[in-house]
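Structure for the following, please:
(chains A and B)
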Amino acid sequence: MFADDETRSTFPGLLSDLQAALDRIRAGIAKFSIEGKIGLFGLCIFVVMALFAPMISGHPPDEITGDSLERPGAEHILGTDELGMDIWAQICYGARMSLLIGLVVASVAGFGGGAIGILAAYRGGLADQILMRVIDVTMALPSLPLLIVISAFMGPSIANVIFILILFGWARPARIARSQTLSVKTHAYIVAARNYGAGSWYLLRRHIFPEVLPILFVLVIGITSHAIVAEAGLAFLGLGDPTSKSWGMMLNYATSFRSIYFTPYWQWWLIPPLVALIALLLCLAFIGRDLERVLDPKLRARRGAE
Amino acid sequence: MTILTIDDLRCHYSTDGSVVKAVDGISFGLEEGEIVGLIGESGSGKTTIALSIMGLLPESARQSGEISYRGIDLSALPEDEMNTFRWTDIAIVFQNSLEVLNPVMRIGVQVCEPMIRRKGMGSGEAEARCAELFEMVGLDPIWMDAYPHQLSGGMRQRVLLAMALSCDPKVLILDEVTSALDAFTRKEIRDLLLDLQRTRGYSMITISHDIAFVSSMASRMMVLYAGRVVEVGPTRDVITAPRHPYTRGLVNSTPDIFVYKDMWGIPGDASGGNGDAGCLFRARCTQAIDDCRRSLPELTACGNGWKVACHRGGIAGLMTARGLTFSYTLPDRRSLVAVDGVDLEVQEGEVLAIVGQTGSGKSTLAHILAGVLHPERGEVHFMNGAVHGGKAGHRFGGIQIVFQDPFSSISNRFTVLDAVREPLDINGIGDRNERLDMVRDALDLVRLPSSDLFLAKYCGELSGGQRQRVALARAMVMRPKLLIADEITSALDVSTAANVLRLLKGLQNRRGFAMIYISHDLTLTLKIADRIAVMNAGKIVEVGNAHDVMLTPNDDYTRRLVGSRIGLCCHEHHTEVA
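Model prediction:
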């Protein structure tokens, strides 16, 4: 009969956990500063741009819809590039690309790495030792040169870029999740819960995840912006997927246009992707900073003592 | 030679329709020159026994069984023949009260009366004898002309004693003779009685609820509960290692025995019975099992003239630890033996304190006993099951541990409700509402509010004392049979610590669970502990009754521990005894 109770109570239990998490997020946002809120708002705009790109772009990004290097005008809001492709459309689809890469890399590297770190710390023993050495090695490697070498070697494709970014991105969250888990594990409430007969899943779900997840969130934001910059950087160096529409590729094409600075073209060809990139990164930075402030355990402890 | 034998004595009072079994099947023998002590709470039937021996029971009482004095069955004698034995052979000293003496007669006359009537003395002879008796009990003969109300309580008690001694009886029954007296008088009367017993060879039955007084006189002690003997044995054994939970309760309520300890009575009231066939003490017992509901336990011998009436054969063992060893590996790969071959026993319903300085391995031992740590060697048995690999903490009636640091033992993120409900959630006990009720009950127990507002508070917002009580509630919600409290007051300020400690001991007393209390603070543990185990460098160097360990420490380390208390500025500073 106990088993039945357990199955019945798990689902509402999860729901209420989720509810509590949502409440906490709402309360957290309420504590954001003005910059944080601006960041959140800006990020929302980029997300909308990415999601509804086909509707708001007006032109397909990879077809020649106008003359080469048209000035911004009614037909082409931000003008066209050398091939006559609409810049605004490219920015919109580029947001898609940047966010996609950022999201995939951040969630896989952040949460995957975090999960590995939590499990290793929770299990302890040999697995933990091996993991620590692997993390040390991964973090000691100079990532940018290797990134360039490997992507050059593997050939330019989005999947490869994502793969490489994940390969170098997971170590930091894993290490931080591990250390956080280790410190949570020393608390007597874990010992107590285990003494009451709590299984691993219960301990992870009720005690460890809620302690580690906030910190992972902050990290994930950081990884997202890092991934976006790295992708743009690779693309700029010509190591991105040439058929993809990303801000990095746009910059690459624009800067490789001979003597662009002696022409007025840079104003509508080079500036928009640059501004978009900087704006997105700024938004993420604002959010990350505020999240860190809101979720800082020390700050939380002080609040709890009031 | 047995001078007085009582066999299966039963005295039932019938009061309109209901029957009160004041004495229900008591048998014992009194040897010549022996002092037997009868103890028990009020209403346990002590005085009824005395009165039935004297043949002074009221009309409403029905008596059965045999009382034989030197082979003569007193209970079968008609009233006038009984009169010849009263005073001359068996005399009773009543509990001092104004009612016992006739308020309008001079004391001397009242004391002389039995001598004149029984022994046929002349009044002059009787008066001379009376003066002699007064001197014997330490009373100036001039008081013979006084009236009872002119005398103090102690003096009246002496008068009653003189009266009982007047006809030079062989058996003296002392019914609560010292209960109303101050300590000096009490001791004087005690010395006087012992002196009389030595010089004149009286046999005595001492009846009192005052264990200290009885134990200082009697060589054998009988413990009565609801008209039945629950334990009988040599006084020293019964006092120092009581076998029946009731005796232990009485001993624990006696300030003379536990000088330092707070007094806690046995919870509940003595009842005449539960209306069924079960053990009468069941409702107040710390170790009742199903058998206790079915039948009355019989007195069973357990060696050395010691008998106990309990279905579990007396206070039962709850936990046994054998040869526990545990060591930590230090950073430089040396190993530190924290617990070194510890044997320990915990009985049902007792408070065992483990005392030792920091680093003596107490906490490690506590964690091993609770089943949190696995010992390298040795094993722990709890109610016939192994603790390690078992599920002692997963069920009702198991082992629970409360940790030292309340800030670490409860998650900040949890609400009070979540924290206290956690063990129920984990083990899937009850449905949502039942769990909520259990949580509220547990919070009530630890004197925390059980309002919705408090239940929804985050533990991070609570003070240390409140959190420790939440931790206690979390343990109590599992209704433990054994609670291990690991330095639970060390993180709290003195006032909060005192409150938590009293709360804990009160809970223990009321719920009857056994407790292991770990502390470095000897003075504090003396307040609550029945037994103390002193731990040093991983070994238990001394175990014993709390007062014995404190007053007469055997081990050097214990002596140092006792001597290392710091007195207040106005106290004499203790130096190390060793």
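
contacts, neighbours, all on C-alpha from now
OK.

Alongside chain B, which residues does the stretch 101-250 of chain A contribute?
A:187-193, A:195-198, A:202, A:207 (CA under 8 Å from any CA of the partner chain).

Pipe those residues into CSV and attach secondary structure, neighbour count and pLDDT per row.
Supplementary listing: those in CSV, determined by DSSP: H, G, I helix; E, B strand; the rest coil; neighbours: other CA atoms under 10 Å in any protein chain shown; pLDDT from 0 to 100:
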residue, secondary structure, neighbour count, pLDDT
A:His187, coil, 16, 87
A:Ala188, helix, 20, 87
A:Tyr189, helix, 24, 89
A:Ile190, helix, 22, 89
A:Val191, helix, 19, 86
A:Ala192, helix, 24, 87
A:Ala193, helix, 23, 88
A:Asn195, helix, 22, 85
A:Tyr196, coil, 26, 86
A:Gly197, coil, 18, 84
A:Ala198, coil, 20, 84
A:Tyr202, helix, 15, 89
A:His207, helix, 20, 88
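
want to throw those residues into a markdown table with distance to B:Thr329?
Supplementary listing: these in a markdown table, determined by distance: CA to CA, whole Å:
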| residue | distance to B:Thr329 |
| --- | --- |
| A:His187 | 20 |
| A:Ala188 | 20 |
| A:Tyr189 | 24 |
| A:Ile190 | 22 |
| A:Val191 | 20 |
| A:Ala192 | 23 |
| A:Ala193 | 25 |
| A:Asn195 | 23 |
| A:Tyr196 | 27 |
| A:Gly197 | 27 |
| A:Ala198 | 27 |
| A:Tyr202 | 30 |
| A:His207 | 28 |
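
residues from the stretch 401-550 of chain B in reach of chain A?
B:401, B:403, B:405, B:408-412, B:422-423, B:426-429, B:431, B:460-462.

please redo it, this time with the cut-off set to 10 Å
Listed as neighbours of chain A in the stretch 401-550 of chain B under the rule CA under 10 Å from any CA of the partner chain: B:401-414, B:419, B:422-432, B:458-463, B:471, B:474-475, B:478.

Pull out the buried members of those.
Buried members of those, counted by 16 or more other CA atoms under 10 Å in any protein chain shown: B:401-414, B:419, B:422-430, B:458-462, B:471, B:474-475, B:478.

so where's the chain uncertain?
Went with chain A since none was named. The model of chain A has pLDDT under 70 over residues A:1-14, A:296-306.

should've been chain B
By pLDDT under 70, the low-scoring segments of chain B are B:96-97, B:270-276, B:567-578.

most distant residue from the middle of it?
B:Asp332 (50.5 Å; CA atoms, centre = their mean).

Three-state assignment for it, please.
The three-state label given to B:Asp332 by DSSP: H, G, I helix; E, B strand; the rest coil is coil.

Quick check: B:Ala321 vs B:Pro242, distance?
Here B:Ala321 is placed at a distance of 22 Å from B:Pro242 (CA to CA, to the nearest Å).

The stretch 301-450 of chain B: strands as residue ranges?
Taking DSSP state E, counting those that start in this stretch as the test, the strands found in the stretch 301-450 of chain B are B:307-309, B:317-329, B:335-347, B:351-355, B:377-382, B:385-386, B:399-402.

counting contacts, what elements does the last one pack onto?
Where contact means 3 or more CA pairs under 10 Å, 6 or more residues apart in numbering or on different chains; DSSP states H and E, strand B:399-402 is packed against helix A:188-195, helix B:362-370, helix B:464-476, strand B:482-486, strand B:514-519.

and it, which strands flank it?
Take DSSP bridges as the rule and strand B:399-402 pairs in its sheet with strand B:482-486 (parallel).

Following element in sequence after the strand it pairs with, please.
Counting by DSSP states H and E, the next helix or strand C-terminal to strand B:482-486 is helix B:494-511.

May I see the buried residues of that following helix?
B:496-497, B:500-501, B:503-506, B:508-511.

Next, format those residues as a markdown table and append distance to A:Ser246.
As requested, the buried residues of helix B:494-511 are exported to a markdown table (distance: CA to CA, whole Å):
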| residue | distance to A:Ser246 |
| --- | --- |
| B:Thr496 | 65 |
| B:Ala497 | 66 |
| B:Val500 | 65 |
| B:Leu501 | 68 |
| B:Leu503 | 68 |
| B:Leu504 | 68 |
| B:Lys505 | 71 |
| B:Gly506 | 72 |
| B:Gln508 | 71 |
| B:Asn509 | 75 |
| B:Arg510 | 74 |
| B:Arg511 | 72 |
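
biggest separation within the residues you listed, which pair?
B:Thr496 and B:Arg511 (22.0 Å; CA to CA).
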